[in-house]
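>>> Curious how this folds, go ahead:
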Amino acid sequence: MVVLLISYVIVRPLLSAGYFPMHDDTQVARVVVMGRALREGQFPVRWVSDLGYGYGYPIFNFYGPLPYYVGGAIHAAGVSGLVATKIMMALGLVLAGVTMYLALSHMVGVSAGMVGAALYMFAPYHAVQAYVRGAVGEYWALVFLPLILWGFWRKNILVGALGIAGLVVSHTILGYAGMVFVLFAFLATKMQKQVLMLILLGLGLSAFFWLPAITEMKYTNVSSQVSATSDFRDHFVCLPQLWNSFWGYGGSAKGCLDGLSFKLGKVHLLLALIGLVAAFKKHKYFMFAGASIFLLSVFFMLPISVRAWEFIPLFAYIQYPWRFLAFALFGVSLIGSVAFSFVRQPILRWLTVLTGIGILLFVEAKRFMPQYTYERAAGDFETDSDIRFRASQISDEYLLPAVPRPAKEEEIFRDTIPRSDNYILGMEQDTDTYKKFTMRSGTDNTIVVRIAYFPGWHYIVNENVVYPKLENGFPELSVPAGFSVVRMQFRDTPVRTVGNFISMVSLGIYIYLYDRKNKKPVS
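Numbers count the residues shown, from 1 in each chain. Coordinates of the predicted model:
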């Protein structure tokens, strides 16, 4: 109950009217298009038609979809996109504290769970993720780190597998980075069978997402993001920044003068130090786990790790070493959670715990505020102009490289099928993943369909499957004279089908294990 009460402080701006700027200001648009896709029955959602400048966009084939399934489902139920987005954001912030409390309560005690949850929720970088960067997927990933540790600690396959699956499906990059820690933990547990099972089950549950994401990334423009402007070598953290750095709403820059803060939190570090001194003997293995996570995270943030970044496959796609702050705040919260365990008298310990949490809130609560708020009608976030241009400009890296990126809204092709005096068009069905139209013409025609090509699109003209050539990333279809019926359908590729199958089998195993664990013996 205390965890839920103090969480009000960090979600308060989301309960107010209006909205606020953030680096990744696409959240409402993503929730809206996810909601539309879910209404149409698409699951798992991979392709949405309104993003990508209205040409279609395979964003949820690559970008962690879990938060948007939550927000999209709320929107599909009739809630406005803006309110659904705020609920989605608030849930991610609160659930991180809840899972941390539950995990630590089972591992080291209720009072430690309370302190750890408060440290976790009120970490400065948590505020950066929510109110500066708008990195919703990244802080949703924090919800699942405690579950992974809990699963490893108690050899609980169900909890650990849920944690790994949730981490991977929440945020692609942190999911990959998190597997580095999972690998280290697996080796530290001497590769025990239960630990291996929870890892494999977690990866199996999330295979519908990560398997296509890895194998089909080559069709996108993502590699262009790993460029001179986002080279990881330019974004290492300077060690003093972890103690204190300027609080701002700007971006990451080369050197030690960034526009946003990378501080770990003085209260966090102080309590971690107390925890190390006061509780190392009592909780030796727990402290070793927390310290290992913390030190490995700090290592990957500093320039001394450059060789590791160059050696580990695909690490360059993480782009910003300071993203490991997510794992560092997890580690420091673990260590600091037992800072008051030396107080043996129960009443005095709880007074100390509540005082410590009060000081933490006094110091850190002020950071959980946006730069400013503004009033805007909820419906304005759902317009074609907002989704197809403003939001699409922020994120278009999952389009084919050949698809033109308009510099102005007027440059966007408005008609899926170009208008012409040579034929008469009739659109019969038009959803994200299925289009059917008729064409009547006295001559043969070649038309360029303004739906960006991506593997999985199938084209059928008069019941004949055709394989169009591409013009600037758009399919070019030949339609004969007379009356023709043209259908286009987005289907799963073989690798998506395999991923879906693995996830379905894994879900069946998960349900079986859950049922077996909870089945009571017949007396």
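>>> residues touching residue 472, list them.
Residue 472 sits next to 402, 403, 404 when contact means C-beta atoms under 8 Å, 6 or more residues apart in numbering. (Each C-beta comes from the backbone N, C-alpha and C, glycine too.)
>>> Which among the residues you listed count as buried?
Buried members of these, counted by 16 or more other C-beta atoms under 10 Å: residue 403.
>>> Could you single out the nearest of the contacts of residue 472 to residue 428?
The shortest approach to residue 428 among those belongs to residue 403, at 25.9 Å (C-beta to C-beta).
>>> So the closest one is in contact with residue 57, correct?
No - judged on C-beta atoms under 8 Å, residue 403 makes no contact with residue 57 at a distance of 9.9 Å.
>>> for the chain, what spans make up the strands?
Listed in chain order, the strands of the chain (DSSP state E) span 423-430, 434-441, 445-448, 457-461, 464-466, 469-471, 474-479, 482-490.
>>> okay, and the common contacts of residue 403 and residue 57?
Common contacts of residue 403 and residue 57 (C-beta under 8 Å, 6+ apart): residue 452.
>>> Can you tell me the closest non-neighbouring residue to the most far-flung residue of the chain relative to its centre?
Most distant from the centre of the chain: residue 442, at 50.8 Å, with distances by C-alpha atoms, centre = their mean. Distance criterion C-beta to C-beta, 6 or more residues apart in numbering; nearest residue to residue 442, sequence neighbours excluded, is residue 481 at 5.9 Å.
>>> now do residue 411
Of all residues not flanking residue 411 in the chain, residue 404 sits nearest, at 7.8 Å (C-beta to C-beta, 6+ apart).
>>> Can you check the pLDDT for the one you found?
According to the prediction, residue 404 has pLDDT 90.
>>> Then the one 4 residues further on?
According to the predicted model, the pLDDT of residue 408 comes to 91.
>>> what's the neighbour count on it?
Using other C-beta atoms under 10 Å, residue 408 has 7 other residues around it.
>>> Please apply the same query to the one 3 residues further on.
The local packing count at residue 411 equals 11, with neighbours defined by other C-beta under 10 Å.
>>> same question, residue 278
Neighbours of residue 278 (other C-beta under 10 Å): 16.
>>> now do residue 415
Count around residue 415 with other C-beta under 10 Å applied: 9.
>>> separation between the residue nearest to it when sequence neighbours are not counted and residue 471?
Setting aside the residues directly before and after it, residue 415 is nearest to residue 450 in space (C-beta to C-beta, 6+ apart), at 6.7 Å. Here the criterion is C-beta to C-beta, to the nearest Å. By it, residue 450 lies 10 Å from residue 471.
>>> These two: which has the busier surroundings?
Just comparing residue 450 and residue 471: by other C-beta under 10 Å the higher neighbour count belongs to residue 450, 19 against 13.
>>> who's in contact with stretch 250-267?
Under C-beta under 8 Å, 6+ apart, the answer for stretch 250-267 is 23, 119, 122-125, 128, 132-133, 234-235, 237-238, 240-249, 301, 320, 322, 325, 328-329, 332, 359-360, 363-364.
>>> Name only those of those that count as buried.
23, 119, 122-125, 128, 132-133, 235, 237, 241-242, 245, 249, 301, 320, 322, 325, 328-329, 332, 360, 364.
>>> I'd like the strands of the chain as JSON lines, with distance to residue 78 and mean pLDDT appended.
What follows is the strands of the chain, written out as JSON lines (distance: least, C-beta to C-beta, whole Å; pLDDT from 0 to 100):
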{"stretch": "strand 423-430", "distance to residue 78": "22", "mean pLDDT": "90"}
{"stretch": "strand 434-441", "distance to residue 78": "24", "mean pLDDT": "93"}
{"stretch": "strand 445-448", "distance to residue 78": "37", "mean pLDDT": "90"}
{"stretch": "strand 457-461", "distance to residue 78": "31", "mean pLDDT": "96"}
{"stretch": "strand 464-466", "distance to residue 78": "39", "mean pLDDT": "94"}
{"stretch": "strand 469-471", "distance to residue 78": "39", "mean pLDDT": "92"}
{"stretch": "strand 474-479", "distance to residue 78": "35", "mean pLDDT": "94"}
{"stretch": "strand 482-490", "distance to residue 78": "26", "mean pLDDT": "95"}
